[in-house]
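Participant: Got a predicted structure here, sequence first:
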Amino acid sequence: MLRQLTPHVFVMKHNHDTDRPALGLIAGKTASLVVDGGNSPAHARAFLQGISALGVAAPRYLALTHWHWDHVFGAPEMGLTTLANQRTQPHLLQMAGYAWDDDALARRVAQGEEIAFCAENIKKEFGAQRAIAVQGADILFDQTLTVELGGLTCQLIHLGGEHSEDSTVVYCPQEGVLFLGDGLCQEMFHGEWSYDLADYRARIDKIKDLPCRFYVNSHWDVQDAGEFTAYYRRLIALGELAGESTDPADVLDRYRRAHGCDPDEETEGDLLSFVHGNRKRQAAKKASHQ
Ligand SMILES: [Zn+2]
């Protein structure tokens, strides 16, 4: 159930059915560190069961990549010392006071505090009976935190960016594995899902020089170094093609002229994400001038 990526790093694959993210285990000689708490106690239990068969050092730490529900609702079930960015903590403490029944979810979606995509997946993962507990983390950091696991270290590095300003990546230099969480994902909480090219570039610049063999994004398949580089270069090229345009037809036309064919579904979605980002930036500019 867990894939062994390198001698000391294991990953449980993501599952889109209820938006379960990938969970990671970095196993040192004296302690192991878990990456992300999972989207429910059931998800956390499935992971803990998976690692019990590995014969590695017992998990001692849980590193949260950011505060979004699918990464933290399983955290209390893990029962570990929880490490998080200091920007993550206020969100966790706020969510600890929330109700999660249908009415409460619908109210927060209507008020723009929650998005329908997350509310739907919370309902699917938990069913009608929702005992959801959220806890604050135990150890907080600002830019980086290094954890010693016995022969291995882990670095938690603040990435930030438009998906979530608290986004943190977890890097194991000895194994050459970087857990990205949702750190490279779109902005999803204010209207159409979007990319801002400058924001994306800044995120890539923070991590691209870390020597790595494998990159683990929470909701995608694991990428090797070649796949990762090709992926972000392609996305930046699409952002450059979109330029400052706020017109989807114009951007799709630019793509056809440049490539001599229609974009595939994924490429079209990425192009439109940049268009939406341009629209949000222009709207913000207008608002700031009023
Ligand atoms: Zn997220």
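Facilitator: Yes, it's here. Numbers count the residues shown, from 1 in each chain.

Participant: ok, residue 196 touching residue 187?
Facilitator: Yes: counting by CB atoms under 8 Å, residue 196 touches residue 187, with 7.2 Å between them. C-betas here are computed from N, CA, C, even on glycine.

Participant: residue ranges for the helices of the stretch 101-250 of the chain, please.
Facilitator: 102-110, 116-126, 197-207, 225-242, 248-259 (DSSP state H, counting those that start in this stretch).

Participant: between the ones you listed, which one is nearest to the ion?
Facilitator: helix 116-126 (8.8 Å; CB to the ion).

Participant: Nearest to residue 7 among the helices of the stretch 101-250 of the chain would be which one?
Facilitator: helix 225-242 (17.4 Å; CB to CB).

Participant: For that closest one, list every residue counted as buried.
Facilitator: 228, 232, 235, 238, 239, 241, 242 (16 or more other CB atoms under 10 Å).

Participant: Over to stretch 82-100?
Facilitator: Those would be 82, 83, 84, 85, 87, 88, 89, 91, 92, 95, 100, for stretch 82-100 by 16+ other CB under 10 Å.

Participant: who are the neighbours in contact with the residue nearest in space to the middle of the chain?
Facilitator: The chain has residue 182 as the residue nearest its centroid, 1.6 Å off, counting by CA atoms, centre = their mean. Contacts for residue 182 were tallied using CB atoms under 8 Å, 6 or more residues apart in numbering; they are 21, 65, 66, 68, 71, 163, 164, 167, 217, 218, 219.

Participant: so of those, which ones are in strands?
Facilitator: Taking DSSP state E, the ones among the contacts of residue 182 that sit in strands are residue 217.

Participant: hang on, the earlier thing: can you tell me which of the buried residues of helix 225-242 is nearest residue 208?
Facilitator: The shortest approach to residue 208 among these belongs to residue 232, at 7.5 Å (CB to CB).

Participant: how about the residues of the stretch 1-150 of the chain near the ion?
Facilitator: Applying CB under 5 Å from the ion, we find that the stretch 1-150 of the chain lies next to the ion at residue 68.

Participant: Repeat that for the stretch 151-290 of the chain.
Facilitator: Counting by CB under 5 Å from the ion, the stretch 151-290 of the chain sits next to the ion at residue 182.

Participant: quick one: whichever residue of the stretch 151-290 of the chain sits closest to the ion and residue 267, what's the gap?
Facilitator: The stretch 151-290 of the chain approaches the ion most closely through residue 182 (3.5 Å), counting by CB to the ion. According to CB to CB, to the nearest Å, residue 182 and residue 267 sit 21 Å apart.

Participant: Residue 192 too?
Facilitator: Taking CB to CB, one finds residue 192 at 17 Å from residue 267.

Participant: residues in contact with residue 101?
Facilitator: Counting by CB under 8 Å, 6+ apart, residue 101 makes contact with residue 130.

Participant: actually residue 239, not the one I typed
Facilitator: Taking CB under 8 Å, 6+ apart as the criterion, residue 239 is in contact with 195, 197, 200, 274.

Participant: Can you tell me which of the residues you listed are buried?
Facilitator: Buried among these by 16+ other CB under 10 Å: 195, 197, 200, 274.

Participant: Quick check: the second one touching residue 273?
Facilitator: No: using CB under 8 Å, residue 197 makes no contact with residue 273, being 10.2 Å away.
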